[in-house]
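[1] need a structure here:
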Amino acid sequence: MKNYLKKITLTALTGAVLTTGMSAFAVSDGQAKLFSPTIYLEGEKAYCQNAEGKRLDYLRYKNTVYVPVRTVGEWMGKTVSYDDASKSLRLNGAANKVYHRKHTDDAVSKDVREKQLENGVSVKIRDDMKLVVDGKQKTLKDAAGKEAYPINYNNTNYIPIPTAAELLGMTIKHPLEDDERSSVFMRTPLTEEQVAQGKEYVDSLFKTFSYAALTAEGVDLPDVLRAYHHLDFSDMAGFIGDPNPVDNEDSIFRLMRRSARDPKMSIDAIKRYAELGIETINKMTAIKKPDLPVLDIYYENMLADAKNAIASCEAVLKAIADGKDLKTCEDLMLMSTTKRTSAYDFCEFVTTAPYLMEDVLLEK
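    Numbering: from 1, shown residues only. Coordinates of the predicted model:
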């Protein structure tokens, strides 16, 4: 009788294992946060979308960022499917790679998203589910290198982004455990020499609009601009520009903004500002970019902005040549309105590129 009961018990246990798996493989509930910082893929912002083209959020679960497996498939150029019988997320074959570079409409309302950001979201820990890539099962890893499992949120399956980086053959810089504001950077591996080449290129861009570098070169800078290089910001009377001013500001374009309405401003100074804009932008675009794909998008944006910056500075010079008054020329060069973008703005757009390039190279 005892042997008979043992046999029945063993049979029942075996059936339970085959049906649901061991107890370690039970679907459980968890709490995740929306990951609001940016994910950079090869230097560009990368968003994720659902099948309807609506923006999905990345998640952060137990200090690891998670990304929809659908998005990973798009990045890899793989078709994504789910096999219910084997509980397998499958990435197979070869398809066109897709990168969503623009922010689309959210899949949820603004009010809902604000509550989710504040309270987090409920997720299912799918430790009964596995990832299979081209027929081979892959072990998922979290940011600490420990084994992890897919999670399901709002009928969408997510996997850890360190695993996504591994599948893409990319390096990854993941935020630290107590850092919830830093971005994630993924890129094709760069050698130390390549990083050095990129940094040298970026430094040369900075020098083109550096007050210190231009002064050392003996470049003609208007006195009104020089006067705003070193200021006591305890007295903000008459100040126009950056709400968080920096003493000894090094960007000539920020110094132009500071001096926008100086009483000593003259037509000659405005003319020199426009000339400096054209000279500076031409120098920036003439510097040869190293063959580093991670910088390409910023370089292309810089060229597009440079075209607008030069055109806007030329418009200022034309206004001066046409005898326009000082205020009109000041507005054209430095001050934005609701109807147009100023020459200053376009020049600043161009100088944004080196800062973004540096961030990507140094992954910060």
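[2] And the next helix or strand past the worst-scoring helix or strand of the chain on mean pLDDT?
    Scoring the helices and strands of the chain by mean pLDDT, DSSP states H and E places helix 2-20 at the bottom, with a mean of 39. Following helix 2-20 in sequence order, the next helix or strand is strand 28-35 (DSSP states H and E).
[3] Give me the contact list for the helix or strand harbouring Lys115.
    Per DSSP H and E: Lys115 is located in helix 110-119. When contacts are defined by C-beta atoms under 8 Å, 6 or more residues apart in numbering, helix 110-119 is touched by residues Lys33, Leu34, Ser36, Asp57, Asp106, Val108. Every C-beta, even on glycine, is put in place using the N, C-alpha and C of the backbone.
[4] Buried subset of these, written for PyMOL?
    Restricted to buried positions by 16 or more other C-beta atoms under 10 Å, the PyMOL selection for the contacts of helix 110-119 reads:
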select buried, resi 33+34+57+108
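[5] Out of the contacts of helix 110-119, name the two that are farthest from one another.
    Maximum pairwise distance in the contacts of helix 110-119, criterion C-beta to C-beta, is 16.4 Å, between Lys33 and Asp106.
[6] where along the protein do the helices fall?
    Remark: helices assigned in the chain by DSSP state H are 2-20, 69-76, 110-119, 161-168, 192-208, 211-216, 223-226, 252-258, 267-286, 296-321, 326-334, 343-362.
[7] Flag every buried residue along the shortest one.
    Right, the one you point to is helix 223-226. Judged by neighbour count (16+ other C-beta under 10 Å), helix 223-226 contains these buried residues: Val224, Leu225.
[8] same question, stretch 121-130
    Going by neighbour count (16+ other C-beta under 10 Å), the buried part of stretch 121-130 is Val121, Val123, Lys124, Ile125, Arg126, Asp127, Asp128, Met129, Lys130.
[9] tell me how far it is from the chain's mean position?
    28 Å (C-alpha atoms, centre = their mean, to the nearest Å).
[10] Number the residues from 20 up from this point.
    Taking 20 as the first residue, the last one we looked at is stretch 140-149.
[11] pLDDT averaged over it, what's the number?
    Taken as a whole, stretch 140-149 has an average pLDDT of 94.
[12] gap between the two ends of that stretch?
    Using C-alpha to C-alpha, to the nearest Å, the end-to-end distance of stretch 140-149 comes to 23 Å.
[13] contacts for that stretch?
    Contact partners of stretch 140-149, identified using C-beta under 8 Å, 6+ apart, comprise 39-40, 43-53, 78, 80, 105-108, 156, 168-173, 176-177.
[14] Phi first, then psi, for Thr158.
    For Thr158, the backbone dihedrals (degrees, to the nearest 10) come out as phi -90, psi 130.
[15] measure the residue nearest to it when sequence neighbours are not counted to Glu294 for me?
    In space, Thr158 comes closest to Glu166 once its chain neighbours are excluded; the distance is 6.0 Å by C-beta to C-beta, 6 or more residues apart in numbering. From Glu166 over to Glu294 the distance is 62 Å, taken as C-beta to C-beta, to the nearest Å.
[16] With neighbour numbers in mind, choose between the two.
    Using other C-beta atoms under 10 Å as the criterion, Glu166 and Glu294 rank with Glu294 on top: 14 against 10.
[17] just checking, the residue nearest to Thr158 touches Leu150?
    No: with contacts counted by C-beta atoms under 8 Å, Glu166 stays clear of Leu150, the gap being 11.8 Å.
[18] coming back round to it: looking at the helices of the chain, which is closest to Leu60?
    Evaluated over the helices of the chain, closeness to Leu60 peaks at helix 88-95, with 6.8 Å, by C-beta to C-beta.
[19] In space, what's closest to Ser270 - neighbours in sequence excluded?
    Of all residues not flanking Ser270 in the chain, Phe228 sits nearest, at 5.6 Å (C-beta to C-beta, 6+ apart).
[20] which residues does that neighbour contact?
    Contact partners of Phe228, counting by C-beta under 8 Å, 6+ apart, are Ser270, Ile271, Phe272, Thr299, Met303, Thr370.
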